[in-house]
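> Fold the following and give me the result.
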Amino acid sequence: MPRKFDQKKMDWIFGKARYAYDCESITKSLSEPIWDMLDRGGKRWRPTLLILTAEALGGKLNEIIDFVAICELVHNGSLVVDDIEDGSQLRRGKPCLHRIFTLDVAVNAGNGMYFLPLTVLRDRRGKLPDKVLLTAYEIYSQEMINLHAGQGLDIWWHNGHRDPSIDEYLQMCAYKTGTLARMSAKIAAVVCGGTPAQVEAFGRFAEAIGVAFQIQDDLLNIVGDKFVGHETGEDIHEGKRTLMVIHSFQNGTPQDAARLREILKLHTTDEHLIKEAIALLKKSNSLEYAQKRAKEIISRAWRDLRRL
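I've put the predicted structure just below:
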């Protein structure tokens, strides 16, 4: 993704113009918001997972390194869209993209990040077997479908339409957070010649990391100070049905569960109400439950992967 478009870079990414390109406007509307987001950093653990998967199967770094753009740009694009859907103010310590570049530019840039990194696969034509490229495209498209299913469930639940079960919540996490990790590992495994069993096993392990990561992220939102640009207790404000909330609904007293549901329904920014909700989660031992469940998910997935 160039920081500044010229005619040559426009031709490379978009193809030859039938009429004429406006390089400056594409730079302003696409490059600048995308690089504003990417320059903020992030954990970048999905690209690392892709590289580690490739190395575990004997792949060479110079043959796989460009593929990290797929998972990382898609992830950042999903954050841009997620911030718009949640009405968030901050991302990684700075105002969200829609607050800097306007809503329409941010939506377009976020969606653009879903597709621009596919140039990596396009540019491998003739360098990788057709079957490998087709499988990589199929993995990408299926995981993007899953990503939107997971996000849809999360939105529906935190708007108070329904309280999910623990297993339904974990499946949502497998799609919302696990899917891009699974995409990273499976694409790496396919490109590096992994067997179908290895591709699936690495994918399941990566998904488990994603689910556990989401649980840990939710925990940090409750117990942490300001972290990675988020506000502490933001999930309470959004009314999110996290693993801790679901566990508290099921294991707290009926009065406590009713009060927690009432606070979540308010979508409040009141610090005292947010602290009250956190106290209810602690009272039902839901934080400890979430920590334990995350560790169990990782341990079980690792045992399955080691067998291969």
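> Touching stretch 248-265 from outside, list them.
Contact with stretch 248-265 is made by 158, 160, 163, 166, 236, 239-241, 245, 273-274, 276-277, 280-281, 283-286, 289, as judged by Cβ atoms under 8 Å, 6 or more residues apart in numbering. Heads up, the C-betas are built off the backbone N, CA and C, glycines and all.
> Please apply the same query to stretch 91-102.
For stretch 91-102, the surrounding residues in contact (Cβ under 8 Å, 6+ apart) are 32-33, 36-37, 40-42, 79-80, 83-84, 88-90, 105-107, 109-110, 228-229.
> Pull out the buried members of these.
Taking 16 or more other Cβ atoms under 10 Å as the criterion, what is buried in those is 32-33, 36-37, 40, 42, 79-80, 83-84, 88, 90, 105-107, 109-110, 229.
> which ones among these are found in strands?
Leu90 (DSSP state E).
> And the buried ones among the contacts of stretch 248-265, selectable in PyMOL?
This is the PyMOL syntax for the buried subset of the contacts of stretch 248-265, where burial follows 16+ other Cβ under 10 Å:
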select buried, resi 158+163+236+239+240+241+245+273+274+277+280+281+284+286+289
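> Where does pLDDT dip in the protein?
For the chain, applying pLDDT under 70 flags the ranges 224-232.
> CA atoms only: put stretch 257-269 into PDB for me.
The C-alpha trace of stretch 257-269 is given here as PDB (Å, rounded to 0.1, in the frame of the first residue of the first chain):
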ATOM      1  CA  ALA A 257     -28.100 -10.400  37.300                       C
ATOM      2  CA  ALA A 258     -31.100  -8.000  36.900                       C
ATOM      3  CA  ARG A 259     -29.000  -5.000  38.000                       C
ATOM      4  CA  LEU A 260     -26.100  -5.900  35.700                       C
ATOM      5  CA  ARG A 261     -28.500  -6.300  32.800                       C
ATOM      6  CA  GLU A 262     -30.100  -2.900  33.600                       C
ATOM      7  CA  ILE A 263     -26.700  -1.100  33.600                       C
ATOM      8  CA  LEU A 264     -25.700  -2.700  30.300                       C
ATOM      9  CA  LYS A 265     -29.000  -1.600  28.800                       C
ATOM     10  CA  LEU A 266     -28.200   2.000  29.600                       C
ATOM     11  CA  HIS A 267     -25.000   2.200  27.500                       C
ATOM     12  CA  THR A 268     -23.800   4.500  30.200                       C
ATOM     13  CA  THR A 269     -20.700   6.600  30.400                       C
END
